[in-house]
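> all I have is the shape, not the residue letters:
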């Protein structure tokens, strides 16, 4: 389970750090993203956000007392209203990606005034949230871990039992099957090109890619089949591979 923690430093940096520490002990520090631990110096933070969200299974958005209103002294509006606000960018990217996004209300904070939210973030508070309180921190974290496990159990697709028409390009194919296999390879390549700055595991191509408009047929392919298609694209010079921080092979569109 890969978890992304989003927070605003003005009000939730300590809860975020404690949550990161606890989740890292349970899941492994390579499975949890928190910017101060997970972003090397000198790298483009936006690219790091995109890469981590593309690998994440669940996104936790910590909502503190100043999440909505925090601003710089030189600014005349809340930072959240700016398209360049990093917290806003993180949440918008997560909502667009289709992964489960959970608002976590810290120390008694409630749902903010919807009329003061950017339209792109209003969807966040239509989702079931969690509570994180300093008085019941340990219990609250256990509830969050249990809830994450339940969410992933419901959304995880058992790829060991393929559904629909599945074609294995390694086997002898009829002319019709060859056409289907070609269409599947084109679909996977088009998917990689659509999100060409991201890297994907075969599992992510199926589970997340299959939820994106125009790419629904990906959900009917097995992980093994997608992996074979991806390897074929690599051998043709149409895709390339790299390793994620957790050691997984990621496939990415090759623009060269």
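Received it, and whenever you're ready, just let me know what you need. Owing to the predicted nature of the structure, the values given are computational and were not obtained by experimental measurement.
> where does the stretch 101-250 of the chain have low pLDDT?
154-180, 245-246 (pLDDT under 70).
> how about residue 111, what does it touch?
Counting by Cβ atoms under 8 Å, 6 or more residues apart in numbering, residue 111 touches 103, 105, 125, 129. C-beta here means a position set from N, CA and C on the backbone, and glycine is covered the same way.
> any idea how far residue 211 is from the residue nearest to the first one when sequence neighbours are not counted?
Think residue 103. Spatial nearest neighbour of residue 103, excluding adjacent residues (Cβ to Cβ, 6 or more residues apart in numbering): residue 129 at 4.0 Å. Separation of residue 129 from residue 211 (Cβ to Cβ, to the nearest Å): 21 Å.
> which phi and psi does residue 84 have?
The phi and psi torsions at residue 84 (degrees, to the nearest 10) take the values phi -90, psi 0.
> what residues sit buried inside stretch 21-30?
22-24, 29 (16 or more other Cβ atoms under 10 Å).
> can you pull out the strands in the stretch 101-250 of the chain?
101-106, 130-132, 239-243, 249-253 (DSSP state E, counting those that start in this stretch).
> what is the nearest of the contacts of residue 111 to residue 115?
residue 125 (12.0 Å; Cβ to Cβ).
> how far away is the closest residue to that closest one other than its chain neighbours from residue 48?
Nearest residue to residue 125, sequence neighbours excluded (Cβ to Cβ, 6+ apart): residue 111, at 5.1 Å. Using Cβ to Cβ, residue 111 is found at 29 Å from residue 48.
> please parse the protein into its domains.
The chain breaks down into these domains under automatic domain parsing: 3-155, 175-253.
> which of the contacts of residue 111 sit farthest apart?
Of all pairs in the contacts of residue 111, the most separated under Cβ to Cβ is 105 and 125 at 9.9 Å.
> higher neighbour count, those two?
Per other Cβ atoms under 10 Å, whichever of residue 105 and residue 125 has more neighbours is residue 105, with 20 against 16.
> show me the helices in the stretch 51-200 of the chain, by range?
86-97, 137-155, 175-194 (DSSP state H, counting those that start in this stretch).
> other SSEs contacting the first one?
When contacts are defined as 3 or more Cβ pairs under 8 Å, 6 or more residues apart in numbering; DSSP states H and E, helix 86-97 sits against strand 3-6, helix 45-55, strand 58-63, strand 101-106.
> who's in contact with that helix?
Here helix 86-97 has contacts from 4, 6-8, 45-46, 49-50, 53-54, 56, 59, 61, 67, 79-80, 82-83, 101, 118, 120-121, 123-124, 208, using Cβ under 8 Å, 6+ apart.
> please redo it, this time with the cut-off set to 6 Å
Helix 86-97 is contacted by residues 6, 8, 49, 53, 59, 61, 80, 101, 120-121, 123 when judged by Cβ atoms under 6 Å, 6 or more residues apart in numbering.
> and stretch 66-83, by the same measure?
8, 10-11, 85, 88, 112.
> hmm, back to that, tell me which of residue 129 and residue 211 has more neighbours.
residue 129 (18 against 15).
> how far away is the more buried one from residue 91?
In terms of Cβ to Cβ, residue 129 sits 13 Å off from residue 91.
> likewise residue 222?
In terms of Cβ to Cβ, residue 222 sits 32 Å off from residue 91.
> which one's more surrounded, these two?
residue 91 (23 against 18).
> for residue 67, see how far away that one is.
Noted for residue 91: a distance of 10 Å to residue 67, by Cβ to Cβ.
> can you check residue 100 too?
Between residue 100 and residue 67 the computed distance is 19 Å (Cβ to Cβ).
> what do you get for residue 195?
28 Å.
> cool, residue 134 as well?
Taken as Cβ to Cβ, the span from residue 134 to residue 67 is 16 Å.
> fine by me, we can end here.
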